[in-house]
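**Student:** would you be able to build a 3D model of this:
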Amino acid sequence: MNAPSYDHLLSPGRIGRMELRNRIVMSPMETMYGTSDGLPSERTIAYFAARAAGGAGLVTVGATGVDPLHPETPGGLQIGTDDAIAAHRRLVDAVHAHGARIQPQLVHAGPDGLGPEMHGVTSLGPSVIPSYLTGRPSAEATKEQIAVVLDQLRAAAGRVREAGYDGLELHAAHGYMFLGSFLAPQRNRRGDRYRGSSVEGRIRVVLEALAAIRSEVGADFPVTLRISGHERVAAGRPVHDTATIAPLLVEAGVDAFHVSGGVIDRLVTGMVNGSDRGDGLNVGAAAAVKEVVDVPVIAVGRLHSPALAESVLADGRADFVALGRPLLADPDLPRKLAAGEPARVRQCISCENCIDTLEEKLATECAVNAATGHETELVLEPGRRTHRLVVVGGGPAGLEAARLASAAGHDVVLMERSDRLGGALVAASAVHPENRPYLDWLLAEVARTGAAVVLGVPATVDAIAAARPTAVVVATGGRLVLPQIPGADLPHVTGGLDPDARPEGRRVVVVGGRLAAVEYAEVLAARGSLVTILEPGPEIAPEFGAKRRSEHFDRIDRLGITVHVGCSVGAIETAGVRYTPVHGTTRLLPADAVVLAGTVVPDTSLATEISERLPETEVHTIGDAALGLGLIRGATASAARAVRSI
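**Tutor:** Okay, here's the model as predicted:
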């Protein structure tokens with residue numbers, strides 16, 4: 001069978017006068033890597049330079065503010081003062097050094113900034129509307145205040161050009177920040193010439209912003225407009241409305257459209273989508289815009305498969321594709337396609353860890369690529385000192401450690417006690433199918449390294465010592481602890497989670513609500529079981545971040561799964577489970593089968609034994625063995641840090 005061709009993705013393109021080496025655009029994404037005063041940091045520069053080196057045609061820097069008093073996020077970038085130009089120029093030079101073009105996405109945070117909290121100023125919007133982030137209401141901008149914002153956009157565009165950027169993207173999407181909220185009927189309730197009840201009123205401020213920018217940079221400087229095709233909310237702007245205004249925007253100076261979708265909320269629910277929403281969900285809107293304008297159109301949104309992205313271009317639905325999360329997962333995606341190695345692309349698994357870490361750590365990280373945002377500190381240094389390295393355990397942490405260690409030049413032996421590699425990631429792929437490409441990628445990459453793989457070998461110190469290691473990485477997984485409940489020995493009760501083994505009977509009670517238990521319950525319900533989750537703690541799936549947890553809540557609702565938290569489980573009986581709900585009385589929950597999910601806890605016993613028996617050997621413990629339930633993100637991060645420290 002012939003290898004897939006990516007002729008359209010890899011063909012040169014043009015936006016205005018900006019020539020691009022291919023049709024792959026890095027989508028603008030917030031990272032919060034900036035300095036405290038909103039300038040590109042060394043971390044910012046290394047992150048974008050890695051994507052440029054990986055072959056992206058155009059790198060788009062995430063939301064870059066034009067008014068430092070109205071930041072969208074802490075650590076977000078700004079180019080609202082002349083003092084910012086030099087730092088931006090360093091970023092531009094780093095990206096240009098790798099042959100890519102680069103543009104910032106200009107924004108005024110409008111009603112959705114942190115100006116009130118950080119600087120004591122009042123947010124401005126088309127109407128008195130609450131911020132999606134803080135709930136604090138904005139003031140309705142006066143015509144004089146609108147003029148000030150337009151002048152800030154104009155001045156920022158001049159700084160963009162002076163910093164050496166190749167173009168700029170103007171943000172008017174997702175019904176938020178200054179321009180986007182004017183365009184959104186559900187947020188713009190004005191009654192003047194900017195009124196939200198007419199197309200002419202909603203679009204006016206965007207036309208004026210384009211005019212202001214053009215007055216500063218001229219007609220030849222490339223300007224892309226980011227816009228939602230379909231806002232996907234009640235009273236939001238539909239696709240045909242976006243197509244109606246697109247020709248007017250071209251007349252005002254738009255050189256290309258970047259067609260996204262959805263509107264903002266704290267968890268970017270309609271903007272960054274999970275696998276349930278399907279793939280290529282904004283392509284139809286991009287095609288609608290392309291059918292009415294003669295400038296390039298960029299499609300974005302769940303184009304995770306290079307083959308799908310290629311087909312969008314081949315079908316004439318768009319002229320470019322913007323990739324966000326795929327370039328977090330693998331910055332070398334374009335280069336690998338150009339080298340004829342699409343199978344080596346590490347695909348995004350739609351776990352949305354990148355969104356969750358923004359909330360948890362105020363910095364973007366990627367579950368399958370620990371180097372994202374850590375490009376300088378996790379760089380491998382081949383040849384520094386080579387080891388005879390034994391990796392014990394062939395799950396995701398062990399596979400990643402073996403892959404990285406081989407790349408660093410170590411002589412690697414990977415030992416796995418079972419007859420196949422993959423460990424817990426095999427079951428995780430059954431409950432979340434988008435994990436499967438990552439598992440396949442790990443297996444293929446380890447095979448490509450030439451590391452010695454030994455299957456069916458128990459993880460004993462004698463077996464490890466026989467390999468004569470100078471360093472050992474223990475990745476044997478955590479220890480499963482099951483709850484001690486009277487009746488747990490009954491024949492209809494099982495311990496642990498096996499998605500391939502369906503319990504007998506239709507009514508299934510899952511005791512425990514950790515991440516794996518929730519996904520397991522969803523698999524059972526999708527197969528027709530009536531499932532109840534009983535969780536003694538205050539919430540289910542505490543390992544999830546808020547965004548992914550909310551999506552699981554939606555799925556649980558659709559599948560008819562019942563959930564009880566804060567309950568106590570007293571006993572398991574032949575007819576069901578005796579439990580006490582919060583603020584309730586003890587009752588019997590009928591069940592044909594009961595599954596005790598258990599809890600994964602760290603298990604460092606093997607590492608301790610190795611250190612005692614082989615005191616001259618360097619020993620590291622990674623993955624669930626060190627963390628308990630660390631998930632894929634814990635596996636990859638701990639593996640990367642261990643290999644880096646060897």
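
**Student:** for T449, what are its contacts?
**Tutor:** By C-beta atoms under 8 Å, 6 or more residues apart in numbering, the residues touching T449 are A402, R403, S406, A407, V412. C-betas here are computed from N, CA, C, even on glycine.

**Student:** filter the residues you listed down to the buried ones and hand me the PyMOL line.
**Tutor:** The PyMOL selection below is limited to those of the contacts of T449 classed as buried (16 or more other C-beta atoms under 10 Å):
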select buried, resi 402+403+406+412
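
**Student:** which of the contacts of T449 sits closest to R302?
**Tutor:** Of all the contacts of T449, the one with the least separation from R302 (C-beta to C-beta) is R403, at 26.6 Å.

**Student:** how close does that closest one get to T244?
**Tutor:** In this view, R403 and T244 are 51 Å apart by C-beta to C-beta, to the nearest Å.

**Student:** from the contacts of T449, which ones fall inside strands?
**Tutor:** In this view, the contacts of T449 that belong to strands under DSSP state E are V412.

**Student:** out of the contacts of T449, who's nearest E365?
**Tutor:** Nearest to E365 among the contacts of T449 is R403, at 18.7 Å by C-beta to C-beta.

**Student:** surely that closest one touches V446?
**Tutor:** Yes. The criterion here is C-beta atoms under 8 Å, and R403 meets it with V446 at 5.3 Å.

**Student:** quick one on the thing from earlier: which ones among the contacts of T449 map onto helices?
**Tutor:** Mapping the contacts of T449 onto helices (DSSP state H) picks out A402, R403, S406, A407.

**Student:** what's D67 in contact with, if anything?
**Tutor:** D67 neighbours (C-beta under 8 Å, 6+ apart): Q78, G80, H108, A109, V149, Q152.

**Student:** one more time with 7 Å, if that's ok
**Tutor:** Contacts for D67 (C-beta atoms under 7 Å, 6 or more residues apart in numbering) come out as G80, H108, Q152.

**Student:** now A234
**Tutor:** Per C-beta under 7 Å, 6+ apart, neighbours of A234: none.

**Student:** just say helix, strand or coil for it.
**Tutor:** When classified by DSSP: H, G, I helix; E, B strand; the rest coil, A234 comes out as coil.

**Student:** and it, what's its pLDDT?
**Tutor:** Predicted confidence (pLDDT) for A234: 82.

**Student:** equivalent analysis for P382, please.
**Tutor:** 69.

**Student:** how about the helices in the stretch 101-250 of the chain?
**Tutor:** In the stretch 101-250 of the chain, the helices defined using DSSP state H, counting those that start in this stretch lie at 115-119, 143-162, 177-183, 199-217, 239-251.

**Student:** and of these, who's closest to L328?
**Tutor:** Going by C-beta to C-beta, the one of the helices of the stretch 101-250 of the chain nearest L328 is helix 177-183, 22.4 Å.

**Student:** what's the mean pLDDT across the closest one?
**Tutor:** Here the average pLDDT along helix 177-183 is 96.

**Student:** give me the contacts around that helix.
**Tutor:** Here helix 177-183 has contacts from 72, 107-112, 124-126, 129, 149, 171-175, 187-188, 194, 202-203, 205-206, 209, 237, using C-beta under 7 Å, 6+ apart.

**Student:** stretch 620-634 too?
**Tutor:** Against stretch 620-634 from outside (C-beta under 7 Å, 6+ apart): 351, 353, 367-368, 395-397, 401, 473-478, 514-515, 543, 600-604, 607, 635, 638-639, 642.

**Student:** just the buried residues of the residues you listed.
**Tutor:** Buried among the contacts of stretch 620-634 (16+ other C-beta under 10 Å): 351, 353, 367-368, 395-397, 401, 473-478, 514-515, 543, 600, 602-604, 607, 635, 638-639, 642.

**Student:** isn't M18 up against Q103?
**Tutor:** No. Counting by C-beta atoms under 7 Å, M18 stays clear of Q103, with 8.1 Å between them.

**Student:** comparing the two, which residue is more hemmed in?
**Tutor:** In this view M18 and Q103 are compared by other C-beta atoms under 10 Å, and Q103 has more residues nearby, 25 against 20.

**Student:** ok, now which ones touch the more buried one?
**Tutor:** Residues in contact with Q103 (C-beta under 7 Å, 6+ apart) are L58, T60, Y165, D166, G167, L168, E169, T224.
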